[in-house]
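> starting from these lines, generate the structure:
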Amino acid sequence: MCLGYRTMKSRDLAIRLKRREVEEKSRKVDDLERIIREFDQMAADLERQIQLEEDRTGIRDRGHFSYSTFAKAAAQRRDNLRQSTEGLREKLTAAVRERDDTVEQFSRASQQSQNMDDPRPGRRDRPLGFTALR
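Residues are numbered from 1 along each chain as shown. Got it, this is the predicted structure:
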């Protein structure tokens, strides 16, 4: 009786830990998506400011000696934001892959736990790889 109870508790603990890991990975994905949206919005705002400044001065050639210093600085900030966004998109791709792998592991562990708890004969499958979750 005691051994079965301990086994059930350790399975429940492993599942709770895996669920927490899924939540953490999902939060990371959400944070990266939010930051990317904010950077994209800031870059779009800078693009509008550059256009307004070019319209105001009438000079659109960035190589022109009288090109607006403000427009040059805004263009540099916009380009830096776009570069940062590309790096974040790569991190987002990796984070989504990690989250999906963790969700799959959690689903397998939950399913195996349900199969172990099923009282019907022949349904008590031995969990393959369940020890990897400990």
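> tell me which helix or strand in this protein has the weakest average pLDDT.
helix 2-57 (a mean of 90; mean pLDDT, DSSP states H and E).
> for it, name the packing helices and strands.
Applying 3 or more CB pairs under 8 Å, 6 or more residues apart in numbering; DSSP states H and E, we find helix 2-57 packed against helix 69-117. Yep, even glycine has a C-beta here, placed from its N, CA and C like the rest.
> tell me the SS of Asp61?
When states are read from DSSP: H, G, I helix; E, B strand; the rest coil, the local structure at Asp61 comes out as coil.
> mind checking how far it is from Ser68?
For Asp61, the distance to Ser68 equals 11 Å [CB to CB, to the nearest Å].
> the two - which one has more neighbours?
The residue with the greater number of neighbours, taking Asp61 and Ser68 and applying other CB atoms under 10 Å, is Ser68; the counts read 18 against 9.
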